[in-house]
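Colleague: got a sequence here, can you model it:
(2 chains)
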Amino acid sequence: MQDIIAKIFPKNLPSIDELEIKYSKRDLPSTAMVTRICPSPTGFVHLGTIYMSLICKKFADQTNGVFFLRIEDTDKKREVGGAKEIIYSSLKEYGLDYDENQTYGPYVQSERKDIYTAYTKYLFEKDDAYLCFCTDEELKATAEEQERLKLKRGYYGKWAVWRNKSEEEVLAELDKNTPYVIRFKSHGDGEKTFTHHDLLKGNVDLPENDMDVPLLKKENGLPTYHLAHVVDDHLMRTTDVLRGDEWLSSVALHYDLFQSLNFPIVRYGHCSPINKLVGSSRRKLSKRKDTEANISFFKEKGFVVQAVIEYLLNLANSNFEDWRKENIDKNYTEFNLSMEKLAKSNGPLFDETKLRDIAKDKIARMGNIEVYDRVYEWAKEYDEYFYGLLNSNKEYWLKVFNIERVGELIRKDIAIWSELYDFYNFFDTEKFTKPDWSTFKSVFTQDEIENILNEYKSIYNPQDDKHTWLGKVKDLCPKFGLAPDIKAYKADKEAFKGHVGELTQLIRYAITGRTQSPDIYEILQVLENKEVLKRLTI
RNA sequence: GGCCCCAUCGUCUAUCGGUUAGGACAGCAGGUUUUCAAUCUGUUAAGAGGAGUUCGACUCUCCUUGGGGUCACCA
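Modeller: Numbers count the residues shown, from 1 in each chain, chains lettered A, B, ... in the order given. Next up, the predicted model:
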């Protein structure tokens, strides 16, 4: 035994007693929750990571606990350069500040190699771990055999061929330098079940663990997820592990590991992931196939962060939107997230339409200065042309963004920054081109339209206040057979060619090149008089 | 396939044995409006199927079906 230990473990490993003292229990009230988010640095932050972080952070905050971030970079093959930084900045961008106190660190798993090795050695010494010299081919053959016999696959029971080998046999392989992996010696009986109480799923009966999973990887000596999770969450004194429900079937293994290491078991909550509808079936949002799985999607499109947060919060606790209605001006952090209400269905479908609705509302509540500042920040990165425009004439664009942005009824037509330019593009006088009247639907002929606009041009005065302006438009109506107000028109449709809307629509089309736009009067006020007159000339 | 989870309007969901099954988004209709948007009013739309338990079941139990997850030296 000592021979083997001497051969496979480094000399100066920390002792587990020291570790236990170094990372001692946190000084927190008993109700405080210590939660964490553990992404892998793959160059990509999944929407689900933000979702889980939000939930974890809220519970930590609500209980005066701690929320921290741990980077799970044990799979060096998948790691991408700069990925850690993307994780850091993404969480901060979403306001998901995590505890950076290093007392329980380091929080990057590859920097904790000795710790995992120390615990593996401990397990080995207490005969809860052993060396396995199986080759990939042998493992594959075993799996095929199990498949053929319709048995559970894996390294367990009689298939765990190295579990009970003698020291001599192990030493012999070691002398031959045969590559090996250190496996956990499971304690359960796969035929028996036990009850796991899950924070979200309730009581779940699961088979006991009989899988002898690898603890450390052959490739680089870093731990597998299972060992790393158990060791880290114990040492970092996590109280509540909230994670995706793909982990539910691993909890037996994790219990086994916790017990074998004499650690108190954490509380687990397994959460359904956000899904997407593909054809007629739903599946988890996939980072490879679904652009919206990557949170950079929302940044590029120009979704307001708060909207994404609140959309996710509503997915977590559907009563959030009721709370929001009652507490319009409060910060979402004041909402009390409930564990019981955490949706435990099979995973919601991502609904961009609903997100857009929330986003529209957020933007509608901003003043023109905030709109300017935000779209400016967005354009700086994603729309060079618009950025240049915003830069060239801030005062002008502030006036543009102020249109129908004051008072009771505020426009709600912009959901994301990337559609803002198109919405206001007629204010880009350099690029504005005369509209095509041949496709314009009207009760008037082309000549009549030209005539009407000329007539209007002669009475238009930019000094007019809104009331006067509208009065002039209405005064012009009878001359062209239009009813000055809609009610009169509706009362006797036969008597008129149309109502005042017909006329304003002509003006709108001439000025904006569109059949829909914000309030025309306000648009006219923002545009220079010279420009207005130019546009009124067909 | 074994094991596990899930099942209410198109979508997200409420209901913790007795409700006209509620809300939000989307849709539709209308009021208002200089258009559109907004807003207001109204409205379409749901308990997968089958057995039980019960005076009574969306709610509890079982079966079926359907969907999802897991079964890696990936997390």
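
Colleague: would you map the strands across chain A?
Modeller: Assigned by DSSP state E, the strands in chain A fall at A:34-37, A:66-69, A:129-132, A:181-184, A:193-198, A:202-207, A:214-216, A:240-244, A:267-271, A:275-278, A:281-284, A:482-483, A:498-499.

Colleague: just say which of these is most tucked in.
Modeller: Mean neighbour counts were compared across those using mean count of other Cβ atoms under 10 Å; the top stretch is strand A:34-37, at a mean of 25. For glycine as for every other residue, the C-beta is placed from the backbone atoms N, C-alpha and C.

Colleague: mind checking if that strand is in reach of RNA strand B?
Modeller: No - using Cβ under 7 Å from any atom of the strand, we find that strand A:34-37 stays clear of RNA strand B, coming within 10.7 Å at best.

Colleague: circling back: could I get the strands of chain A as CSV with mean pLDDT?
Modeller: Listed next are the strands of chain A as CSV, based on pLDDT from 0 to 100:
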stretch, mean pLDDT
strand A:34-37, 97
strand A:66-69, 98
strand A:129-132, 95
strand A:181-184, 96
strand A:193-198, 92
strand A:202-207, 92
strand A:214-216, 96
strand A:240-244, 96
strand A:267-271, 95
strand A:275-278, 84
strand A:281-284, 82
strand A:482-483, 86
strand A:498-499, 86
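
Colleague: which among the ones you listed is found nearest to A:V406?
Modeller: Closest to A:V406 of the strands of chain A, according to Cβ to Cβ: strand A:498-499, at 27.5 Å.

Colleague: tell me the contacts of the residue of the stretch 101-250 of chain A found nearest RNA strand B?
Modeller: Using Cβ to the nearest atom of the strand, the closest approach of the stretch 101-250 of chain A to RNA strand B is made by A:K218 at 3.0 Å. With contact set as Cβ atoms under 8 Å, 6 or more residues apart in numbering, A:K218 has these partners: A:179-181.

Colleague: show me what from the stretch 101-250 of chain A comes close to RNA strand B.
Modeller: Counting by Cβ under 7 Å from any atom of the strand, the stretch 101-250 of chain A sits next to RNA strand B at A:132, A:134-136, A:139, A:143, A:150, A:152-155, A:179, A:181, A:193, A:201-202, A:204-207, A:213-214, A:217-219, A:222, A:224-225, A:245-250.

Colleague: quick check on those: which are buried?
Modeller: Buried by 16 or more other Cβ atoms under 10 Å: A:132, A:134, A:139, A:154-155, A:181, A:201, A:204, A:206-207, A:213-214, A:217, A:222, A:224-225, A:245, A:247-248, A:250, out of those.

Colleague: can you flag which of the residues of the stretch 101-250 of chain A next to RNA strand B belong to helices?
Modeller: A:136, A:139, A:143, A:225 (DSSP state H).

Colleague: the third one contacts A:K152, doesn't it?
Modeller: No - counting by Cβ atoms under 8 Å, A:A143 does not reach A:K152; the two are 10.5 Å apart.

Colleague: per-residue pLDDT, the residue of the stretch 101-250 of chain A closest to RNA strand B?
Modeller: pLDDT, A:K218: 89.

Colleague: any idea of the pLDDT on the residue nearest to A:R365 when sequence neighbours are not counted?
Modeller: In this structure, A:R365 finds its nearest non-sequential neighbour in A:I410, 7.5 Å apart by Cβ to Cβ, 6 or more residues apart in numbering. Model confidence at A:I410, given as pLDDT, is 78.

Colleague: was I right about A:T239 contacting A:G65?
Modeller: Yes - if you go by Cβ under 8 Å, A:T239 and A:G65 touch, sitting 7.2 Å apart.

Colleague: overlap in contacts, the two.
Modeller: A:32-35.

Colleague: out of these, who's nearest A:D127?
Modeller: Checking the shared contacts of A:T239 and A:G65 against A:D127 by Cβ to Cβ gives A:V34 as the nearest, at 31.7 Å.

Colleague: OK, contacts around the residue nearest to A:W247 when sequence neighbours are not counted?
Modeller: Closest residue to A:W247 apart from its sequence neighbours, by Cβ to Cβ, 6+ apart: A:H270 at 6.1 Å. Shown in contact with A:H270 (Cβ under 8 Å, 6+ apart): A:198-201, A:243-245, A:247-248, A:251.

Colleague: let's see 10 Å
Modeller: By Cβ atoms under 10 Å, 6 or more residues apart in numbering, A:H270 lies in contact with A:196, A:198-201, A:204, A:241-251, A:344.

Colleague: count of neighbours near the closest residue to A:N402 other than its chain neighbours?
Modeller: Closest residue to A:N402 apart from its sequence neighbours, by Cβ to Cβ, 6+ apart: A:N368 at 4.0 Å. Residues lying near A:N368 (other Cβ atoms under 10 Å) number 16.

Colleague: for the stretch 401-538 of chain A, which spans come out with low pLDDT?
Modeller: Applying pLDDT under 70 to the stretch 401-538 of chain A flags the ranges A:408-409.

Colleague: what parts of it come near RNA strand B?
Modeller: So the stretch 401-538 of chain A meets RNA strand B at A:404, A:409-413, A:466, A:470, A:473, A:485-487, A:500-501, A:504-505, A:508, A:515-521 (Cβ under 7 Å from any atom of the strand).

Colleague: mind redoing it with 6 Å?
Modeller: A:409-413, A:470, A:485-487, A:500-501, A:504-505, A:508, A:515-521 (Cβ under 6 Å from any atom of the strand).

Colleague: helices - which of the residues you listed land there?
Modeller: Short answer: these in helices (DSSP H) are A:470, A:486-487, A:500-501, A:504-505, A:508, A:520-521.

Colleague: for the residue of the stretch 101-250 of chain A closest to RNA strand B, give me phi and psi.
Modeller: phi -60, psi -40 (degrees, to the nearest 10).

Colleague: name all residues that make contact with A:D99.
Modeller: A:34, A:36, A:57, A:60, A:65-69, A:105, A:107, A:236.

Colleague: can we see that at 7 Å?
Modeller: A:66-68 (Cβ atoms under 7 Å, 6 or more residues apart in numbering).

Colleague: same question for A:V170.
Modeller: A:4, A:131.

Colleague: what about the closest residue to A:K58 other than its chain neighbours, how many neighbours?
Modeller: Among residues not flanking A:K58 along the chain, A:L337 sits closest, at 4.3 Å (Cβ to Cβ, 6+ apart). Number of residues near A:L337 (other Cβ under 10 Å) recorded here: 19.

Colleague: and for A:G279?
Modeller: A:G279: 6 neighbours (other Cβ under 10 Å).

Colleague: now it: phi and psi?
Modeller: Dihedral angles for A:G279 - degrees, to the nearest 10 - are phi 60, psi -120.

Colleague: distance of it relative to RNA strand B?
Modeller: 9 Å (Cβ to the nearest atom of the strand, to the nearest Å).

Colleague: tell me the pLDDT at that residue?
Modeller: Model confidence at A:G279 (pLDDT) stands at 71.

Colleague: tell me, how many residues neighbour the closest residue in space to A:I520 that isn't next to it in sequence?
Modeller: Leaving aside its sequence neighbours, A:I520 sits nearest to A:R508 (Cβ to Cβ, 6+ apart; 5.3 Å). By the criterion of other Cβ under 10 Å, A:R508 has 20 neighbours.

Colleague: thank you kindly, that will do.
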